[in-house]
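Colleague: using only what follows, build the 3D model:
(one chain, ligands or ions: 1)
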Amino acid sequence: MSNSSAVVVEGKKRGIGRILRPIRGQLTAAALLSAVGAMLTLVPLAGFAHIATKITLDTAMGISLTGEIWRVVAISLGSLFAGVIMVSAGELVAHLADNRITYHLRQAVAQRLARVPLGWFTAQSSGDVKQAMQDDIAILHSLTAHFYTAVGRALGAICISVVYMFALDWRMAIATLLPFIGFILFLRRAMKTGDASMTALAARMGQINSATVEFIGGIAEVKAFGAAGRAHKGFHEAVDGFARAFVSATRPLVTSMAHAHAMVAPVTVLGVVLVFGVLFINLGWIEPLDILPFVLVAPSICAPLLLLHTLLHDLSGATDAAKRVLALMETPVLESVPSSQYQHPRSYDVRFNDVSYGYSDGHAVLSNISFTLKPGTVTAIVGASGAGKSTLARMLLRFFDPDEGHITLGGVDLRCIETEKLYRYIGFVLQEVQLIHASVRDNLALGCPSASQQEIENATRIANIHERILALPRGYDSVIGEDAQLSGGERQRLCIARAILLDPPVLVLDEATASADAGNELAIQKALSHFAEGRSLMVIAHRLDTIKHADRILVLEDGRIAEEGTHPQLLDLKGRYADLWLKGNYECCQSSTPLEGASC
Ligand SMILES: Nc1ncnc2c1ncn2[C@@H]1O[C@H](COP(=O)(O)OP(=O)(O)OP(=O)(O)O)[C@@H](O)[C@H]1O
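Modeller: A predicted model of the protein is given here:
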């Protein structure tokens, strides 16, 4: 995509924060509810510790504790109940926010894609769009619906436990936290090891991919030239290299992770509490009963800490997904005027005015192109492969806008014509045939849903596909890809019928009969020539004999119009066209198609 002035780039700031901005308040509320809820659900642990301590100490002194026990039990149960309600409320708020953002993102992406140049879709694989629209938005769902509440719960539980332990005895609290500090240190080491080895692994994976592509892509040649052994060898070497790199990369990683997990195993934490507890008792710093709350609370930090680690690990995937969705939402769009400035073409003559265009900066694919398509005439564009023919056709369809110059329809700049209307004025059939998963009838009536069966059949007869459709199991109701398995040529004829049904005053055909066999091509050309009457037709053709009676032929060379004229005029010039004609080895007096006319 060029940095054309015709595109508008909106917003450069990237990141997950931008994606989640509309629901930031809801997510914060959800996280807070979850955090406070988690804190409250831990109150019973403190309650148990309190009761156990009291029973041991006070009953020995003969004090009755029934009233206090019931009070602590009531507070514990009340806290637990309130905590569960708050955690559930947090989940609900997060899911509502998720529902809102998912809807908002899908709408925003769809609206954006409706405004991007059609040329973007040819450069972008549908896989990329599907990845962002479905997979990435699903990943963001786990972020919005679960991440914030889970982080809230984990942090809430950890914070309240730490505060509680420090409130009881700061020396025991510090000692209890030692395994968790060990966990963080081992984790950091694992991450460092992981980062270093991931680069090496990615390089090895790249080698496997290249070897696989080479092997699969060239399988025919490999077999034909008996090089299967050599190709296999390259693939095996890449796989072996990856396996070796994997072993040496994972060994230190797994060791560090194993140490980290061992640090936060409840048994380790309990062991540390008991060892330091006994030590502090011997030092006379604490009483034996003072250990009890630590024994109850310290292991409960393990699970939230591990959960936090997993969540932060998942966050990087969600960040990448957010970036991809954001990139889609920032795809450069076609420049358009405010709807109040839309204009209606007064006629249907098309004019290219000094049009230049390049896909990338500094390399012009089309340079200073000027010509007019007059109504009722056929203009053919010919030239060597790569000369810029398809680019020229796509500019008329606003796949891209010119970098310089402009294109008008009936005197109105294409940028001032509402996009939907533009495709009512200019129909097209391109090399890449696009049919949707629907019935043949629906595919035909895509741009014209109110078309009658008679109108549809008239179009399919012109495109020479009516009989073939009738031969399908359910005729016009057969579904593409299910019971309508069509060849490339048949799909192309279906597209031609679809374009004909729209009855556009201007029609662009880019290698529209490329997949048709000779007989069909003749029939389609014949039908199209009748259809062309009174319209402007732009035909791009490789085979010069199919366009030799066009009203005007433009010969493109390196993105410039090298020659123009009628077939006889161009032959007389003895220039580029005459050369192409000669090289094409066309028979002078073969039966002509109607686009060709009759004379030789
Ligand atoms: N989407 C794209 N991005 C970048 N470059 C492109 C793109 N499409 C075409 N090009 C380049 O622009 C030049 C003109 O391509 P174009 O398809 O217009 O030529 P063409 O005359 O129609 O060729 P052919 O007859 O082989 O279809 C070529 O060099 C091609 O590689």
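Colleague: next, Gly475: phi, psi?
Modeller: Dihedral pair for Gly475: phi 60, psi -130, per degrees, to the nearest 10.
Colleague: what's the pLDDT at the closest residue to it other than its chain neighbours?
Modeller: Closest residue in space to Gly475, ignoring its immediate chain neighbours: Ile469 at 6.2 Å, by Cβ to Cβ, 6 or more residues apart in numbering. (C-beta placed from N, C-alpha, C; glycine too.) On the pLDDT scale, Ile469 is placed at 93.
Colleague: buried residues in the helix or strand hosting Leu33?
Modeller: Element membership of Leu33, judged by DSSP states H and E, is helix 24-60. Neighbour-count burial for helix 24-60 flags 26-27, 29-51, 54 (criterion: 16 or more other Cβ atoms under 10 Å).
Colleague: and stretch 498-506, by the same measure?
Modeller: Quick answer for stretch 498-506 (16+ other Cβ under 10 Å): 498-506.
Colleague: near the ligand, from the buried residues of helix 24-60?
Modeller: Applying Cβ under 6 Å from any ligand atom to these, one finds that nothing falls near the ligand.
Colleague: domains in this protein, by residue range?
Modeller: Following automatic domain parsing, one finds the domains of the chain at 9-168+321-333, 170-285, 340-584.
Colleague: those residues of the stretch 351-500 of the chain touching the ligand, which are they?
Modeller: So far as Cβ under 6 Å from any ligand atom goes, the stretch 351-500 of the chain lies against the ligand at 359, 365, 383, 385-391.
Colleague: could I get these as JSON lines with distance to Ile75 and pLDDT?
Modeller: Output for these, formatted as JSON lines (distance: Cβ to Cβ, whole Å; pLDDT from 0 to 100):
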{"residue": "Tyr359", "distance to Ile75": "71", "pLDDT": "85"}
{"residue": "Val365", "distance to Ile75": "77", "pLDDT": "91"}
{"residue": "Gly383", "distance to Ile75": "86", "pLDDT": "90"}
{"residue": "Ser385", "distance to Ile75": "82", "pLDDT": "87"}
{"residue": "Gly386", "distance to Ile75": "80", "pLDDT": "88"}
{"residue": "Ala387", "distance to Ile75": "84", "pLDDT": "90"}
{"residue": "Gly388", "distance to Ile75": "80", "pLDDT": "91"}
{"residue": "Lys389", "distance to Ile75": "82", "pLDDT": "91"}
{"residue": "Ser390", "distance to Ile75": "77", "pLDDT": "89"}
{"residue": "Thr391", "distance to Ile75": "76", "pLDDT": "91"}
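Colleague: next one: whichever strand or helix holds the residue nearest to Gly475 to chain centre, how far?
Modeller: Assigned by DSSP H and E, Ile469 belongs to helix 466-470. Distance of helix 466-470 from the chain centroid (Cα atoms, centre = their mean, to the nearest Å) equals 37 Å.
Colleague: can you show me the helices along the stretch 201-350 of the chain?
Modeller: 219-224, 228-263, 266-283, 291-297, 302-329 (DSSP state H, counting those that start in this stretch).
Colleague: need the winner for burial among those helices.
Modeller: Across those, averaging neighbours per residue (mean count of other Cβ atoms under 10 Å) puts helix 291-297 on top, at a mean of 22.
Colleague: other SSEs contacting that one?
Modeller: helix 24-60, helix 148-168, helix 170-217, helix 266-283 (3 or more Cβ pairs under 8 Å, 6 or more residues apart in numbering; DSSP states H and E).
Colleague: the ligand contacts on the stretch 501-600 of the chain?
Modeller: Counting by Cβ under 6 Å from any ligand atom, no residue of the stretch 501-600 of the chain is near the ligand.
Colleague: as a check, name the ranges of all strands in the stretch 501-600 of the chain.
Modeller: 506-510, 536-540, 552-557, 560-565 (DSSP state E, counting those that start in this stretch).
Colleague: returning to that earlier point: what's around the residue nearest to Gly475, how many residues?
Modeller: The tally of other residues near Ile469 (other Cβ atoms under 10 Å) stands at 24.
Colleague: for the stretch 201-350 of the chain, which residue gets nearest to the ligand?
Modeller: Residue nearest to the ligand within the stretch 201-350 of the chain (Cβ to the nearest ligand atom): Pro332, separated by 13.9 Å.
Colleague: max-length helix in the protein?
Modeller: helix 66-115 (DSSP state H).
Colleague: can you list the low-confidence ranges for the stretch 251-400 of the chain?
Modeller: Within the stretch 251-400 of the chain, the segments meeting pLDDT under 70 span 362.
Colleague: compare the helices and strands packed on helix 291-297 and say which comes out lowest on pLDDT.
Modeller: helix 170-217 (a mean of 82).
Colleague: pull the distance from that helix to the chain's centre.
Modeller: 27 Å.
Colleague: and for stretch 80-100?
Modeller: That offset, for stretch 80-100, works out to 30 Å (Cα atoms, centre = their mean).
Colleague: what's that stretch in contact with?
Modeller: 22-23, 26-27, 29-34, 36-44, 141, 144-146, 148-149, 152-153 (Cβ atoms under 8 Å, 6 or more residues apart in numbering).
Colleague: now do the contacts for Ile540.
Modeller: Residues near Ile540 by Cβ under 8 Å, 6+ apart: 380-382, 389-390, 392-393, 508-511.
Colleague: let me redo that: Val382
Modeller: 389, 540-542, 544, 547, 553-556, 577, 580.
Colleague: you'd agree it is in a strand?
Modeller: Yes. Under DSSP: H, G, I helix; E, B strand; the rest coil, Val382 falls within a strand.
Colleague: bridged to it, which residues?
Modeller: Val555 (DSSP bridges).
Colleague: what does Ser439 give?
Modeller: In beta-bridge terms (that is, DSSP bridges), Ser439 pairs with Val479.
Colleague: what lies in contact with stretch 308-319?
Modeller: Here stretch 308-319 has contacts from 15-16, 139-140, 142-143, 147, 150-151, 154-155, 158, 187, using Cβ under 8 Å, 6+ apart.
Colleague: hmm, back to that, okay, the strands of the stretch 501-600 of the chain in a markdown table with mean pLDDT and distance to Arg424 next?
Modeller: Shown next, in a markdown table, are the strands of the stretch 501-600 of the chain (pLDDT from 0 to 100; distance: least, Cβ to Cβ, whole Å):
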| stretch | mean pLDDT | distance to Arg424 |
| --- | --- | --- |
| strand 506-510 | 87 | 10 |
| strand 536-540 | 89 | 14 |
| strand 552-557 | 94 | 25 |
| strand 560-565 | 94 | 29 |
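Colleague: for Met191, find the nearest of the ones you listed.
Modeller: Met191 sits nearest to strand 506-510 of all these, at 52.5 Å, using Cβ to Cβ.
Colleague: for the closest one, list the C-alpha coordinates in CSV.
Modeller: This file holds the C-alpha atoms of strand 506-510, laid out as CSV (Å, rounded to 0.1, in the frame of the first residue of the first chain):
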residue,chain,number,x,y,z
VAL,A,506,-19.5,1.0,-17.2
LEU,A,507,-18.1,-2.5,-17.1
VAL,A,508,-14.5,-3.5,-16.4
LEU,A,509,-13.4,-7.0,-17.4
ASP,A,510,-9.9,-8.0,-16.2
